[in-house]
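Chemist: Quick one, structure for this:
(chains A, B, C and D)
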Number of protein chains: 2
Amino acid sequence: MRSAADPENSAEQQSDQGLRADAERNRDRILCAARRLYAAEGLDVSMASVAREAGVGKATLSRRFPTRDDLITAVFTDRMDAYAGAVAVALADPDPWHGFAAYIQAVCAMQAADRGFATVLTMSFPTAKALEKRRAEAYHGFLELIARAKATGHLREDFADQDMIILLMANAGVVAATADAAPNAWRRLVGHMLRAYSTPGTELPPLEPPPTPTALYRAMIRLNRSTSAGDVGRPVS
Amino acid sequence: MRSAADPENSAEQQSDQGLRADAERNRDRILCAARRLYAAEGLDVSMASVAREAGVGKATLSRRFPTRDDLITAVFTDRMDAYAGAVAVALADPDPWHGFAAYIQAVCAMQAADRGFATVLTMSFPTAKALEKRRAEAYHGFLELIARAKATGHLREDFADQDMIILLMANAGVVAATADAAPNAWRRLVGHMLRAYSTPGTELPPLEPPPTPTALYRAMIRLNRSTSAGDVGRPVS
DNA sequence: ATAAAAGTGGAACGGGCTTCCCGTTTTCCG
DNA sequence: CGGAAAACGGGAAGCCCGTTCCACTTTTAT
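Modeler: Now for the predicted structure:
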């Protein structure tokens, strides 16, 4: 994983390229506010709210990030670093199946920790090179991880790399629906999925106990504002 | 399963209770339009769009269905009948495990066929007795189905009824994310889940082949307007 | 120190959604 | 068949969002 302030990539970030000191400060405040709001409420918070939360005028926000996608990509670039880094960690594990299982759990945990990121992982932003580069990097490593895990005989042969994306979409749905009310429900889903991916006799992490009925019931009610899961989407450009 | 026009339930439907002929006609046009829009775009279409689609004034819509939830419950009551009916079908199956698997596939298929319904199944509408009655009915039957399937030894003992709800949330996420672009991706998810729920050696329906990479890629881009998945939620009242 | 450049927030505009109200049309029943 | 009551549609008001313009302030460089 590399720092977000990597100086040799000039095209993808205008952070340092001659912004005045106060402008740079405001840019940071915006990013910080957006990070907070996206994590808590998902990707479809209004631009106006972000500006309000950041304590800057709407004009300033528009000037720095003309489109919603610009803001989203800027916010999540560093989290995509962690995403790509997780693959490297998994590949370093001496036991490929264990690395595979831990990787899936780690990525899904990132989704659970940040509602916006959960959605970002299931979307493509063709215009955002910074994001897509990291996604491709992670995917490449993941293919290698699959190959190694299959070679151990613990990962089923019929597992396809597409299954990972499907799992991310599924997990995004669970996270969006249960957030707060049943914050560990996603672990139960992932536990089941790992069982499905593995061959008989494979050692599996213990299955998370199911959420209590009342917790689930609260989750089904508190599906409050937007976004929500349905809120899985946003315009691309 | 009972007909939606059940005459003895008077409280839950003002369809016939003295509405003038033209009013009744407009009510039907609204329901029909809403059904179409909800199925195609999810639950968070604006009331104005529904009125426009139905070809009635916005006031008429408000008069007939004061809140969005009123409209949603009216639209989906009959589909909840089908939902409750599916349990009865499953219980009638001589092979409980087969009935269980078929039931899960059938319900998830309903979610895939109607984006709005996918969300409704993961939400509770405490004020909508008609909906909740059917939901409770279905759940009661489902518990019985679980018991029988476990007795055959094919359904794992650690399967919990909460897992069904989690699956519905997960499937809603997949459906919301892949609609149109990869319309069978959900079958792959369900296939994996059935594998996870079953004991070793159990006969399973064939696993759906994974969507092609390009189809999945299109799904990740075409996550167009709202709601979409993020749109997992709506105000309750 | 000072003037030009760069940046800022507020105001104003256009669009969409929702709710309420009122003049008009349709239905129903005697 | 005709009038009262019910239902209709559209328009006005209010709100929020996103965008653009503009007069004012801060920084920077000389």
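
Chemist: What is the helix or strand where A:I72 lies packed up against?
Modeler: Assigned by DSSP states H and E, A:I72 falls within helix A:68-92. Judged by 3 or more C-beta pairs under 8 Å, 6 or more residues apart in numbering or on different chains; DSSP states H and E, the packing partners of helix A:68-92 are helix A:21-41, helix A:47-54, helix A:96-113, helix A:115-120, helix A:129-151. C-beta: built from backbone N, CA, C; applies to glycine.

Chemist: one more time with 10 Å
Modeler: helix A:21-41, helix A:47-54, helix A:58-64, helix A:96-113, helix A:115-120, helix A:129-151 (3 or more C-beta pairs under 10 Å, 6 or more residues apart in numbering or on different chains; DSSP states H and E).

Chemist: touching DNA strand C at all, it?
Modeler: No: under the criterion of C-beta under 7 Å from any atom of the strand, DNA strand C is not reached by helix A:68-92; the shortest gap measures 14.4 Å.

Chemist: which of the helices and strands packed on helix A:68-92 sits most buried?
Modeler: Sort those by mean neighbour count, taking mean count of other C-beta atoms under 10 Å in any protein chain shown, and helix A:115-120 sits at the top with a mean of 28.

Chemist: still on that earlier bit, can you check what angle separates the helix holding A:I72 from helix A:47-54?
Modeler: Compare the direction of helix A:68-92 with that of helix A:47-54 by axes from the mean of the first three to the mean of the last three C-alpha atoms, to 10 degrees and you get 70 degrees.

Chemist: for helix A:68-92, which positions count as buried?
Modeler: When burial is assessed from 16 or more other C-beta atoms under 10 Å in any protein chain shown, helix A:68-92 yields the following buried residues: A:68-69, A:71-81, A:83-87, A:90-91.

Chemist: tell me the angle that helix makes with helix A:129-151.
Modeler: Using the same axes, to 10 degrees: helix A:68-92 against helix A:129-151 is 30 degrees.

Chemist: Let me know the angle separating helix A:68-92 from helix A:96-113.
Modeler: 150 degrees.

Chemist: Find the nearest non-adjacent residue to the residue nearest the centre of chain A, please.
Modeler: With distances taken as C-alpha atoms, centre = their mean, the residue of chain A nearest its centroid is A:F117 (3.4 Å). If you skip the residues right next to it in sequence, A:F117 has A:R79 as its closest partner in space, 5.3 Å away by C-beta to C-beta, 6 or more residues apart in numbering or on different chains.

Chemist: Does stretch A:121-129 reach chain B?
Modeler: Yes: using C-beta under 10 Å from any C-beta of the partner chain, stretch A:121-129 reaches chain B at A:L121, A:T122, A:M123, A:S124, A:F125, A:P126.

Chemist: Show me which of those residues is closest to A:T60.
Modeler: When these are ranked by distance to A:T60 (C-beta to C-beta), A:F125 comes first, at 23.0 Å.

Chemist: could the helices and strands packed on helix A:68-92 go into a markdown table alongside distance to DNA strand C?
Modeler: Supplementary listing: those in a markdown table, determined by distance: least, C-beta to the nearest atom of the strand, whole Å:
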| stretch | distance to DNA strand C |
| --- | --- |
| helix A:21-41 | 4 |
| helix A:47-54 | 8 |
| helix A:58-64 | 3 |
| helix A:96-113 | 30 |
| helix A:115-120 | 22 |
| helix A:129-151 | 21 |
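
Chemist: Kindly reformat those as a markdown table containing mean pLDDT.
Modeler: A markdown table is the format used below for the helices and strands packed on helix A:68-92 (pLDDT from 0 to 100):
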| stretch | mean pLDDT |
| --- | --- |
| helix A:21-41 | 94 |
| helix A:47-54 | 96 |
| helix A:58-64 | 95 |
| helix A:96-113 | 98 |
| helix A:115-120 | 97 |
| helix A:129-151 | 97 |
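
Chemist: Adding distance to A:A177, write these out as a markdown table.
Modeler: Output for these, formatted as a markdown table (distance: least, C-beta to C-beta, whole Å):
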| stretch | distance to A:A177 |
| --- | --- |
| helix A:21-41 | 14 |
| helix A:47-54 | 22 |
| helix A:58-64 | 30 |
| helix A:96-113 | 12 |
| helix A:115-120 | 11 |
| helix A:129-151 | 25 |
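
Chemist: among the ones you listed, which is nearest B:I166?
Modeler: Nearest to B:I166 among those is helix A:96-113 (13.0 Å), distances taken as C-beta to C-beta.

Chemist: How far away from the center of its chain is that closest one?
Modeler: The chain centre lies 12 Å from the centre of helix A:96-113; the measure is C-alpha atoms, centre = their mean, to the nearest Å.

Chemist: okay, the angle between that helix and helix A:21-41?
Modeler: Helix A:96-113 and helix A:21-41 meet at an angle of 100 degrees, taking the same axes, to 10 degrees as the criterion.

Chemist: helices or strands next to helix A:96-113 in the packing?
Modeler: Packing partners of helix A:96-113 (3+ C-beta pairs under 10 Å, 6+ apart): helix A:68-92, helix A:115-120, helix A:129-151, helix A:161-178, helix A:185-197.

Chemist: chain center to the longest one: distance?
Modeler: The reference is to helix A:68-92. 8 Å.

Chemist: go on, the shortest one?
Modeler: For helix A:115-120, the separation from the chain centroid amounts to 5 Å (computed by C-alpha atoms, centre = their mean).

Chemist: Same question for the last one.
Modeler: Its chain's average C-alpha position is 18 Å from that of helix A:185-197, according to C-alpha atoms, centre = their mean.

Chemist: got a list of contacts for the helix or strand just after that helix?
Modeler: Beyond helix A:185-197 on the C-terminal side, the first helix or strand identified by DSSP H and E is helix A:213-221. Outside of helix A:213-221, the residues that reach it under the criterion C-beta atoms under 10 Å, 6 or more residues apart in numbering or on different chains are A:174, A:177-185, A:210-212, B:121-126, B:135, B:160-162, B:165-166, B:168-169, B:236-237.

Chemist: Return only those of these found close to DNA strand D.
Modeler: Counting by C-beta under 7 Å from any atom of the strand, no member of the contacts of helix A:213-221 is near DNA strand D.
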